[in-house]
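Colleague: okay, predicted coordinates and the sequence, questions at the end:
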Amino acid sequence: MFAMFDVSDAEPFSLKVHPDEFPVLTQQPGISSAPYLARASWVRLEHCGVLPPEALEDLLREAHELVAAKLSKRTRERLGIPIR
């Protein structure tokens with residue numbers, strides 16, 4: 001799991017970020033630490049417009065890569081995730 005969207009409220013969502021980026025991002029308006037997941041470097045965005053689309057795409061891509069890197073080689077191969 002690298003991102004979570006609340007189906008009851010389509011706007012706010014959470015995603016995993018690199019630990020070095022966590023303190024920087026949480027200082028920006030509209031971005032806070034994600035409830036229950038902050039210790040694992042997750043942030044909560046109030047809405048998609050908090051960041052430019054390109055920055056949001058980069059964060060989502062990075063979140064996926066952070067989580068995928070923790071998977072076993074066999075699982076990554078089975079899912080078709082490139083192994084670096």
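Modeller: Everything's here; your move. Not measured: the values here are computed from a predicted model. Numbers count the residues shown, from 1 in each chain.

Colleague: rest of the way, CA atoms for contacts and neighbours
Modeller: Noted.

Colleague: neighbours of residue 3, how many?
Modeller: 16 (other Cα atoms under 10 Å).

Colleague: helix, strand or coil for the residue nearest to it when sequence neighbours are not counted?
Modeller: Distances taken as Cα to Cα, 6 or more residues apart in numbering put residue 15 closest to residue 3, at 4.1 Å, once the chain neighbours are dropped. At residue 15 the chain is in strand, as set by DSSP: H, G, I helix; E, B strand; the rest coil.

Colleague: can you tell me which helices and strands the helix ranked longest in the chain packs against?
Modeller: Longest helix of the chain, by residue count under DSSP state H: helix 53-68. Packing partners of helix 53-68 (3 or more Cα pairs under 8 Å, 6 or more residues apart in numbering; DSSP states H and E): strand 13-16.

Colleague: and the contacts of the strand it packs on?
Modeller: Outside strand 13-16, the residues within contact range by Cα atoms under 8 Å, 6 or more residues apart in numbering are 2-6, 34, 40-47, 60, 63, 66.

Colleague: circling back to that earlier point, after the longest helix of the chain comes which helix or strand?
Modeller: helix 73-79 (DSSP states H and E).

Colleague: neighbours of residue 68, just the number please.
Modeller: 19.

Colleague: residue 30 too?
Modeller: 16.

Colleague: quick check: which element contains the residue nearest to residue 48 when sequence neighbours are not counted?
Modeller: Nearest residue to residue 48, sequence neighbours excluded (Cα to Cα, 6+ apart): residue 11, at 7.0 Å. Assigned by DSSP H and E, residue 11 falls within no helix or strand.

Colleague: and residue 11, what does it touch?
Modeller: Contacts of residue 11 (Cα under 8 Å, 6+ apart): 46, 47, 48.

Colleague: nearest residue to the first one in space, please, no chain neighbours.
Modeller: Nearest-residue entry for residue 46: residue 12, 4.4 Å, with adjacent residues in sequence omitted and distances by Cα to Cα, 6+ apart.

Colleague: the one you found contacts residue 43, doesn't it?
Modeller: No. Counting by Cα atoms under 8 Å, residue 12 stays clear of residue 43, with 10.4 Å between them.
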